[in-house]
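Undergrad: Please find the sequence and the predicted model below.
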Amino acid sequence: MKKIMNDAVNYVDETLEGLEAAHPDVFRIDGETRRLLRKPTASVDRVGVVSGGGFGHLPIFAGYVGDGLLDACAVGDVFASPDMNPMLEAIKSADAGKGVLCVVGNYGGDKMNFAMACEFADMEDITTQQIIVNDDVASAGVDEIEKRRGVAGLVYVVKVAGAAAQAGKSLDEVYACADRARQNTRTMGVALGSCIVPQAGKVTFEIADDEIEIGMGIHGEPGVWRGKNKPADELAAELLHKLTDELDLLKGDRVSVLVNGLGATPAEELYILFRAVNRILSDKGIEIVQPLVGNYATSMEMAGASISLMKLDDELEQLLAAPAKNPFWGK
């Protein structure tokens, strides 16, 4: 195993320390657990927005703390949910008396621990609501959407929720905006190679040099099929087909597109993929607004990419365009 690190046991904590040292105006490590990353200033008189999850997916989850995004984030070990304590610390850190929205990926540990944290917050008179993000179309059919994983679409939900809170909306209004973003976002990805979890010291899964897996999860969960590699244009068409069908996109609709790298894919290849996406959607008369291309939701050094579409209305477009202060937010 080759990684730039000291001891695998300290991998997460030393990464957080590096984030704080590099961007002290955005990030601060806090809490008794030292697994809370929050903004360096206290929340102002508005709704708080928090998230949390396993590490190894930077910028998700911890990287999106900042003005117009998350107020705080609970951090777990690599590919492992944080426990309830840093989640509760995140909620308390973000509370300014107007309530706190928790943006949660649809994973068992994250949901269970955030549910407990919200119960304890309620005992301290902190009102919370939860958005469970489930944008991965490959992980379950249209009749079981509630079982789908939360992947790169979390980026859109966090951005919309943070902007809505920054605009001074109530907790119910922030929830409604974030939930509309969730309902209008779909993602599908492709893996070209695996990754190594530092404490495991070996690849998460095996895949041949000439193979790809469509629909692979961000922790190495199985996709919908594995086969030989395809040209970028064919990959884009296959990934987009399900997304456009499920969102019922028609000529004249406006969407934001996120072409996301899983960690090891060069930017050049992401732009080749976006080129194909742009051509396909343009031919359908669908307008792309505020495209995002880059590493927004990774899986350590996994090779591959995902495509996310968020169908826009006027308010979602405005919230997506709102300013945000964060080193990982590309707009």
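TA: Here it is on my side, so go on.
Undergrad: quick one: contacts for the closest residue to residue 319 other than its chain neighbours?
TA: Closest residue to residue 319 apart from its sequence neighbours, by CB to CB, 6 or more residues apart in numbering: residue 163 at 4.0 Å. Yep, even glycine has a C-beta here, placed from its N, CA and C like the rest. Residue 163 is in contact with 68, 319, 320, 322, 324, counting by CB atoms under 8 Å, 6 or more residues apart in numbering.
Undergrad: got any ranges where the protein has weak pLDDT?
TA: 331 (pLDDT under 70).
Undergrad: Show me it divided up by domain.
TA: Structural domains assigned to the chain are 8-184, 187-317, following automatic domain parsing.
Undergrad: Out of the ones you listed, which gets nearest to residue 329?
TA: Relative to residue 329, the nearest member of the domains of the chain by CB to CB is domain 8-184, separated by 6.6 Å.
Undergrad: isn't there a strand covering residue 53?
TA: Yes: Residue 53: assigned to a strand according to DSSP: H, G, I helix; E, B strand; the rest coil.
Undergrad: so what's it closest to, chain neighbours aside?
TA: Of all residues not flanking residue 53 in the chain, residue 61 sits nearest, at 4.4 Å (CB to CB, 6+ apart).
Undergrad: Tell me how far the one you found lies from residue 255.
TA: The gap separating residue 61 from residue 255 is 24 Å, by CB to CB, to the nearest Å.
Undergrad: just residue 129 next, same as before
TA: 26 Å.
Undergrad: These two - which one has more neighbours?
TA: For residue 129 versus residue 255, neighbours defined as other CB atoms under 10 Å are more numerous around residue 255 (24 against 17).
Undergrad: Is it correct that the more buried one is in contact with residue 292?
TA: No: assessed by CB atoms under 8 Å, residue 255 is found out of contact with residue 292, at 11.6 Å.
Undergrad: what about residue 59, how many residues close to it?
TA: Applying other CB under 10 Å, we find 22 residues neighbouring residue 59.
Undergrad: so what's it up against?
TA: Contact analysis of residue 59 by CB under 8 Å, 6+ apart lists 295, 296, 297, 298, 328.
Undergrad: Same check on residue 35?
TA: 12, 16, 74, 75, 76, 82, 86.
Undergrad: hmm, back to that, can you say which of the domains of the chain is packed in most?
TA: Sort the domains of the chain by mean neighbour count, taking mean count of other CB atoms under 10 Å, and domain 8-184 sits at the top with a mean of 21.
Undergrad: end to end, how far does that domain reach?
TA: Chord length of domain 8-184, first to last residue, is 38 Å (CA to CA, to the nearest Å).
Undergrad: And for stretch 286-296?
TA: End-to-end span of stretch 286-296 (CA to CA): 23 Å.
Undergrad: Run the chain-centre distance for that stretch.
TA: Distance, stretch centre to chain centre, for stretch 286-296: 14 Å (CA atoms, centre = their mean, to the nearest Å).
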